[in-house]
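J.: Curious how this folds, go ahead:
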Amino acid sequence: MTINHRELAMAGDILIVDDSPENLKFLKETLTSEGYRVRPASSGHLALQSIYAKLPVLILLDVRMPEMDGFEVCRRLKADETTKAIPIIFASALTDTSEKVKGFELGAVDYVTKPLNAQEILMRVATHLSLFVARRQLENKNRELQETAAELNQYRKYLENSIRELSIAKEAAEKANVAKSTFIATMSHELRTPLNAILGFSELMSLDKSTTESQRETLRIINRSGAHLLSMINDVLDISKIEAGRLEVDIQAFDVIKLLNEIGEMINVRAVSKQLGFSVNLAADIQRFIKSDSKKLRQVLINLLGNAIKFTSNGKITLQAHTKPFTSSDTLMLVIDVIDSGVGIPAEKQKELFKPFVQLVQENADIKGTGLGLAISKSLIELLGGQISVTSVLGEGSIFKIELPVTLANLNDLAIEESYREVKSLAPNQPTWRLLVVDDSVDNRLLLVAMLNRIGFQVRDAENGQEAIALFEQWHPHLIWMDMRMPVMDGYEATKKIRQLADGEKVKIIALTASAFTEQHSDIINAGCDAVLHKPFHIPEVFASLSQQLDVKFIYQDSPVTASSPTSKITTEMLTTLPLELRQQLHEAALKLDIEEIDTVIVKIHTLAPEIADSLEALAKGYQFDKIIQLIDFKE
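T.: From the prediction side, this is the model:
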């Protein structure tokens, strides 16, 4: 079995403890050659200081050391709740069986005998690190699932309460269109924001390879329920936008035969589940390629066919369509009939059928709606220049007819549809992409950060515009995900201020909004954003936006240490000539045995005092971090 040391190295630091510089050097070179991050300590006391400054994921511990031996270090660590789970491998020249037994009794997971062998060390480290990582992942996964289940349950209750409140509030909103528009805008944000977290986390969790089939089914239920709630919210938002004249059409060429057959396949599943017949009858001479708003037509047909299924207990439902000449050679009339053998509609109630919030014969329906579907359907068809009508006989069924003027198109007019490919990770040989997520919602920040971290981006987050500006100046991200509605400073103001800063014109900014009103898109772009992503968003939309804004490439699913120079004489008095901030940084890095941070601080010192920096570098290369700690004195 091939061991991926590089992957294991991502788990965290390995602490090596030995009073012999030669052994420390050997262990460090052996482990770092495979990508492990190593912190060396030359004594038991220094090891304990380092461990409590920053917990390692594994400890290689010498037994025989002056002042405090390895057994005592192990005893103290295993007696402490915060450190007792860290795996400890003893290393010793002693071969006495009783010594080994003592080590295991104290809580060690393994024991290696000196002289040390590089391959043996790597295999034992990999084995116990794998076990430790697996145990930690399992514990984290169980905890995350429990927390997620509790959060999702809270969200479900919150959304159910919000929908009830929305239904109560709509009566008052009908009396004042201005007040209603304000209310709708607010509710859009408040409802879509938690929905974004629910749908996003459930989608993200479904991609996790460790998720069981039972858990996947639970996630599918959550997704279906969330999608249903979103559909009801959208119904209310659509009728408000229609009444306010704020709904826009998107005329594009499309294949009407493909559209009708796709809808038919979806509806047929529901018909079969109720043991109903269903058929799609298209005229032989129907024009295949036309121009209209296919999304709105799809929305209307799904609503009409859904009602037909709902109110038909036996018999069949038929979707039929044909085209006929209209006013000119390139204009046609698309005629679509939805025919059912359901309960029918009394003549006196047919006049009320297309009014908002009217629900007819709903008492025995399995799924309660908002009573907005037909009102929205009528408005959408009229917005496209057509009309919708109904003929019905009580007890025999109904026929809903759509007559829609459309423009003739051809195959070359159709946009090419791109299929989604699941992103696995970032492709190699790219810049280290830095992304900043700005959102006042903790859940939505966590969602987006989780999506992006999973692929390999470097991600930081901020909860308002002020924090975003400060992070931009410090970190210079390549791209910012900017929520537009936040306290303290909103996304509009933050974007404008960032654009005025150094390099502010270079950074890409994608707006995040839960607004239902598309006309705000121009306001967002004018504020300086490069693109807009609406909540709730899906994983493919996130990566598609990144591909459009950055030259980022994805992978889809389908050195030796040089000998140290002689140490120059260095004193505490010499170090006091350095700035306090640098001494504090060096002291903290030495306590943590953080070699990279120590090197970074020494580079800074070198610009001020090269001789002191050279001496400190020699101490660091000799793993004499205790000497560095002693030299730094904050008592003056």
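J.: just the helices in the stretch 501-636 of the chain please.
T.: For the stretch 501-636 of the chain, the helices defined by DSSP state H, counting those that start in this stretch cover 520-526, 539-549, 572-575, 580-592, 595-606, 610-621, 625-631.
J.: CSV for the ones you listed, including mean neighbour count?
T.: Quick note: C-beta positions are derived from backbone N, CA and C, even for glycine. Below are these laid out as CSV (neighbours: other Cβ atoms under 10 Å):
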stretch, mean neighbour count
helix 520-526, 15
helix 539-549, 17
helix 572-575, 15
helix 580-592, 18
helix 595-606, 17
helix 610-621, 19
helix 625-631, 18
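J.: Kindly reformat the ones you listed as TSV containing mean pLDDT and distance to residue 64.
T.: TSV is the format used below for the helices of the stretch 501-636 of the chain (pLDDT from 0 to 100; distance: least, Cβ to Cβ, whole Å):
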stretch	mean pLDDT	distance to residue 64
helix 520-526	85	67
helix 539-549	90	54
helix 572-575	80	31
helix 580-592	83	25
helix 595-606	80	25
helix 610-621	80	24
helix 625-631	79	18
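J.: Quickly list the domain ranges of this structure.
T.: Here the domain parsing of the chain from automatic domain parsing is 5-116, 152-243, 252-413, 423-556, 572-631.
J.: Let's have these in a markdown table, adding distance to residue 137.
T.: Conversion of the domains of the chain to a markdown table gives the following (distance: least, Cβ to Cβ, whole Å):
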| stretch | distance to residue 137 |
| --- | --- |
| domain 5-116 | 10 |
| domain 152-243 | 8 |
| domain 252-413 | 38 |
| domain 423-556 | 14 |
| domain 572-631 | 25 |
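J.: For the chain, which strand extends over the most residues?
T.: Looking across the chain with DSSP state E, the single longest strand is strand 397-408.
J.: could you give the mean pLDDT of that one?
T.: Throughout strand 397-408, pLDDT has a mean value of 94.
J.: Could you list the alpha-carbon positions for the helix or strand following it in CSV?
T.: Next helix or strand after strand 397-408 toward the C-terminus (DSSP states H and E): strand 423-426. Once non-C-alpha atoms are left out, strand 423-426 reads as follows in CSV (Å, rounded to 0.1, in the frame of the first residue of the first chain):
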residue,chain,number,x,y,z
VAL,A,423,-15.2,20.3,-9.3
LYS,A,424,-12.8,18.1,-7.4
SER,A,425,-9.9,20.5,-6.7
LEU,A,426,-7.8,23.4,-8.1
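J.: circling back: who are the packing partners of the longest strand of the chain?
T.: When contacts are defined as 3 or more Cβ pairs under 8 Å, 6 or more residues apart in numbering; DSSP states H and E, strand 397-408 sits against strand 289-292, helix 294-310, strand 331-340, strand 387-393.
J.: Can you give me the buried ones in the last one?
T.: It refers to strand 387-393. Judged by neighbour count using 16 or more other Cβ atoms under 10 Å, the buried positions of strand 387-393 are 388, 390, 392.
J.: Partner strands of it, with direction?
T.: Paired with strand 387-393 in the same sheet, following DSSP bridges, are strand 397-408 (antiparallel).
J.: so which of the helices of the stretch 501-636 of the chain comes closest to residue 321?
T.: helix 539-549 (30.6 Å; Cβ to Cβ).
J.: hmm, who's touching that closest one?
T.: For helix 539-549, the external contacting residues (Cβ atoms under 8 Å, 6 or more residues apart in numbering) are 200, 203-204, 207, 420, 423, 448, 451-452, 455, 479, 508, 510, 530-531, 533, 552, 554.
J.: With stretch 394-404 instead?
T.: Identification of contacts with stretch 394-404 by Cβ under 8 Å, 6+ apart yields 292, 297, 300-301, 304, 308, 312, 315, 333-347, 381, 384-392.
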